[in-house]
Every structure is written in structure tokens, then in C-alpha cells.
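Visitor: Quick one, fold the following:
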Amino acid sequence: MRQLVFLTTLATALVTSVIAMLAFAGAGFADPPDMLYDPVPKHRHFIRAPTGEMIPVGPQICQNANLQQAFNQFHHNVHHSFIPGVGVIHTLGPQDGAPGLHNGKGGEIVALPGCG
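Guide: Reported below is the predicted structural model:
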């Protein structure tokens, strides 16, 4: 009986360790900043509601240039990995992430060039 308890405890500890290791390693496989196109040219992101209302989303690079890295991450992982004039950017993140905002139903994510 003691051996069974020991083996169960050992197996639980091993499984927990592997899960923890994979959870922390997963962050290491996210798009590292040097893998992203940098800087992504300034533009603004909005959710266009079915009513036509434009709701700003994502880091507001036009108001704060210090948000460039956050803007790059948002652009590559939430918006999509395509930059006008550059083309498709291959990243580990999703292409056209947030699929509910790219399907022509309800609110849609849109980008407006520049900061004007």
C-alpha cells in the first residue's frame, strides 16, 4: 500500500512538473520582438460596430510612441500579420487572429492608415 501511495505521489509530482514546464516554455515560443517587423508603420485600429460606430482598440501608437513594441505585438497577433507595402509577415501568432472580427458578421476590426 505504501508503494502505491509513493508511486501515485511521484506520478502526480512528475505530471505537475511537466505541465508547469510546458506552461513557462510556451511563453518562450510566443513571437519574440526580434522576430516581428519593427517598427510596424503607424496606423489606427478600430472595431467597426454594426451601427457604423468606430471604437478604437489596441495600443494607441499615434498618441504615445513609447507603445511601439506593444503595437507591434498587437498588430502581429490580434489584427493580422500583414503590413501594407511589405506583405505577409510570418510569425508564430495567428494569421487574422480574433476570427470573430474578420468574418463579415457583426463588429469587424479595421485599420486606418496614419495618425490623421
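
Visitor: What's the local residue count around the nearest residue to Arg44 once chain neighbours are set aside?
Guide: The shortest distance from Arg44 to any non-neighbouring residue, by C-beta to C-beta, 6 or more residues apart in numbering, is to Leu112 (4.9 Å). (C-beta placed from N, C-alpha, C; glycine too.) As a burial measure, Leu112 scores 11 neighbours (other C-beta atoms under 10 Å).

Visitor: Hmm, Phe46 and Leu112 touching each other?
Guide: Yes. Contact criterion C-beta atoms under 8 Å: Leu112 and Phe46 qualify, at 6.9 Å.

Visitor: what residues are shared contacts of these two?
Guide: By C-beta atoms under 8 Å, 6 or more residues apart in numbering, Leu112 and Phe46 have no common neighbours.

Visitor: Now do the strand or helix carrying the residue nearest to Arg44: which elements does it pack against?
Guide: Using DSSP states H and E, Leu112 sits within strand 108-113. Using 3 or more C-beta pairs under 8 Å, 6 or more residues apart in numbering; DSSP states H and E, the elements in contact with strand 108-113 are strand 43-48.

Visitor: Quick check: next helix or strand after the strand it packs on?
Guide: Immediately after strand 43-48, counting by DSSP H and E, sits strand 54-57.

Visitor: which of the residues in that following strand are buried?
Guide: By neighbour count on 16 or more other C-beta atoms under 10 Å, the buried set for strand 54-57 is Val57.
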